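J.: need the 3D shape of this:
(2 chains, ligands or ions: 1)
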Amino acid sequence: MAVQHTIPAESARASVFYDPKIRGIFFQLLLIAAVLFFGYSIISNTIVNLERQNIASGFAFLDTTAGFSIIQTLIEYSEESSYGTGLIVGFLNTLLIAFIGVILATILGFILGIARLSPNWVISRIAYVYIEIVRNIPLLLQIFFWYFAVLRAVPSPKNSVELPFDIFLNNRGFVTPRILFESGSGFAGIALLIAIAGIFFIRGWARKRQEATGEQFPVFWTAVGLIIGLPLIALAATGFPLGVDYPELKGFNFVGGMKITPEFMSLLLALSIYTASFIAEIVRAGILAVSHGQTEASHALGLRNGQTLRLVVIPQAMRVIIPPLTSQYLNLTKNSSLAVAIAYPDLVSVGGTILNQTGQAIEIIGIWMVVYLSLSLLTSAFMNWYNQRMALVER
Amino acid sequence: MKSKLVPVLLGAAFGLAAATAASAATLDDVKGKGFVQCGVSQGLPGFSNPDDKGAWTGLDVDYCRGVAAAIFGDADAVKFTPLSAKERFTALQSGEVDILSRNTTWTMGRDTSLGLNFAGVDYYDGQGFMVRKSLGVSSALELSGASICTNTGTTTELNVADYFRANKMEYEIVAFEKADEVVAAYDAGRCDVYTTDASGLYAQRLKLTNPDEHIVLPEIISKEPLGPVVRQGDDQWFNIAKWVLFAMINAEELGVTQANVADMKNSDNPEIKRLLGTEGAFGEGIGLGNDWAANAIGAVGNYGEVFDRNVGPNTPLGIARGLNALWSKGGLMYAPPVR
Ligand SMILES: N[C@@H](CCC(=O)N[C@@H](CS)C(=O)NCC(=O)O)C(=O)O
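T.: Numbers count the residues shown, from 1 in each chain, chains lettered A, B, ... in the order given. From the prediction side, this is the model:
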């Protein structure tokens, strides 16, 4: 004991050296330095190597003329547009397929998940077989299956399947008339916005009234009425400023109208059918996680089966469903990059073409990573926000 | 944990920094591993195509086998990496393959900004169109409004854009990454037209359900000089790639064939002597033995033999020599002399 007191200076110095906290900080700093150095040497190495091999680098290529055509463009694009515009076209195509795919997969997944739990043996078996088959076949095969099944099943443009309202189906796609909005049709758009705002207002009002008086209000049907009715009135008032561009068979293909390509259709089918099978299992798990007592209590209160599901079970199940659902949405978005296999011009497909024409692999891959990362982070952020809203509010 | 991670990371970082001085001597690498890694297509009959036993055959393949024979005296000292049109340049740049012999068009952009060098032309080609006979089309100028299937990452998709724009015609392009999918989609009726290098059209036509129902239109809309490619910055390897090709062409001109190459070594013709290494020491100049050309020709034959065996009139492709005949016979095949 006494010995320790005699060497205070020594022990202080030693403790700085052996202090776990300081040591910790030291090693953390060392690690950060190492990581930074690692990153720096990768980057500088790459630059040196690219220069040495005489490979072009930088982002100047984004302004050069692309020179190739893209089959599906949501914005103005031609062969004379720049590579940058081409990438945006690809990005929008990715967004389009992901957005519609997520919606379809969710609807189909919920239906299947609920069907899987149906007391009706046939329905639950059908859902079961669907899920087990679809979930266990690689997505790429399913994409090819739908693509070539669709292509082989439908006739050539000359022998198109004619559907009512000038809609045609052939192996070049699904061709429909296109509605042209002429000047004045903006009022209908405004009417639609008013209808949506009105629905939110009525919903709030109906809820308050129900809480106060117990009386119910047919919100759903009112909403349907508003959404269809108001724009229709606006259109009638402005004298229907709409034109229709009818598709017409000219030479090899239909000209005019609107065309949904077989590439889009089959990719959408494959992605949503595949993802739906995973969502179905998530929904089933979520519903099973809600204790059966809730259902019984709800029945005891006199709620019917549908109401029990909609008002009692699903809201509680959502808390379990949302987190894994998010990762399914992310999967669908990322899986959409398999588009390249069937010539759907998504970001990866268009980017790959540009990569090949310009040879700027690092830049293109960088753009891909940034875009998919941001898409994923945005989806996660949105779903987290939604999850928080749905979370159990303890009272 | 921490104390282990740090040295590992540091080590990796230093290792990477050290790797900056990557070796440029492809020949040494190749000799070290004992074989040439050659990038080919994923299956284009006549050019590079695996047969039913999985052995690669074709004009592009024979060239690589010739390079292997020139280096090792063994035409089997070569491994093939199938690459899509889109992957090929990255694979070569990153060193995954030593040489790319994959019906690749020599263009200025590829030659100058991808860090690559074209070693010459082993097939003069041009882009063509194939359609169903039942369409009743006889010229590419009748194709306005057509749907066109092709490969992404090729000169093809750029040429078609130029051609249709120049002729003020509408079209819809359906561009796939893999050639097999282009064929399948065209076969399934997705497109009216299949476009690629004319040689590719003849090759891919063989894969269609009914090859006889399709015709290749007369228009050739581009120049597609196809040839082997190496990385920039390794002159010795570039020289080997060039001279194996030149040797094959010169051999045809001099009448040296796979069958007579051994006898020809006793020829009195000084040009043949220099080619086959019985006079001079030209092999040394490219870091190989003086029998380099004799080995290559002994293994795969001269250019004419390679052409005839793989794509010539007596093969399923049935392509005439045309532009690919020797310069002395009205074609474009012309190699600098060994001297
Ligand atoms: N020569 C053109 C086109 C080369 C090309 O990729 N052609 C396709 C169609 S013939 C091909 O080789 N396909 C075979 C494969 O991808 O395996 C180029 O270099 O860009």
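
J.: keeping just the C-alphas, turn stretch B:174-192 into PDB.
T.: This file holds the C-alpha atoms of stretch B:174-192, laid out as PDB (Å, rounded to 0.1, in the frame of the first residue of the first chain):
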ATOM      1  CA  VAL B 174     -35.500  -3.700 -78.800                       C
ATOM      2  CA  ALA B 175     -31.900  -4.100 -77.500                       C
ATOM      3  CA  PHE B 176     -30.900  -7.200 -75.500                       C
ATOM      4  CA  GLU B 177     -27.700  -7.900 -73.700                       C
ATOM      5  CA  LYS B 178     -27.300 -11.500 -74.700                       C
ATOM      6  CA  ALA B 179     -27.300 -12.600 -78.300                       C
ATOM      7  CA  ASP B 180     -29.400 -15.700 -77.500                       C
ATOM      8  CA  GLU B 181     -32.200 -13.500 -76.300                       C
ATOM      9  CA  VAL B 182     -32.100 -11.400 -79.400                       C
ATOM     10  CA  VAL B 183     -32.500 -14.600 -81.500                       C
ATOM     11  CA  ALA B 184     -35.300 -15.900 -79.300                       C
ATOM     12  CA  ALA B 185     -37.200 -12.600 -79.300                       C
ATOM     13  CA  TYR B 186     -36.800 -12.300 -83.100                       C
ATOM     14  CA  ASP B 187     -37.900 -15.900 -83.500                       C
ATOM     15  CA  ALA B 188     -40.900 -15.300 -81.300                       C
ATOM     16  CA  GLY B 189     -42.000 -12.400 -83.600                       C
ATOM     17  CA  ARG B 190     -41.100  -9.600 -81.200                       C
ATOM     18  CA  CYS B 191     -39.300  -7.900 -84.100                       C
ATOM     19  CA  ASP B 192     -39.700  -7.600 -87.800                       C
END
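
J.: list the buried residues for it?
T.: Going by neighbour count (16 or more other C-beta atoms under 10 Å in any protein chain shown), the buried part of stretch B:174-192 is B:174-179, B:181-192. All C-beta atoms are positioned from the backbone trio N, CA, C, and that covers glycine.

J.: which residue does chain A have closest to chain B?
T.: A:Asn356 (3.3 Å; C-beta to the nearest C-beta).

J.: follow-up on the earlier one: show me which of the buried residues of stretch B:174-192 neighbour chain A.
T.: Here is what survives when those are matched to chain A using C-beta under 8 Å from any C-beta of the partner chain: B:174-178, B:181, B:184-185, B:188-190, B:192.

J.: mind checking which of the residues you listed are in strands?
T.: B:174-176 (DSSP state E).

J.: what does the residue in chain B positioned nearest to chain A show for phi and psi?
T.: At 3.3 Å from chain A, B:Gly153 is the closest residue in chain B, using C-beta to the nearest C-beta. Per-residue torsions, B:Gly153: phi 70, psi 30 (degrees, to the nearest 10).

J.: roughly how far does B:Asn324 sit from A:Glu281?
T.: 59 Å (C-beta to C-beta, to the nearest Å).

J.: those two: which is more packed in?
T.: B:Asn324 (22 against 19; other C-beta atoms under 10 Å in any protein chain shown).

J.: quick one: the more buried one and B:Tyr123 touch, right?
T.: Yes - in terms of C-beta atoms under 8 Å, B:Asn324 counts as a neighbour of B:Tyr123; the distance is 6.1 Å.

J.: please consider this matter closed, and thank you.
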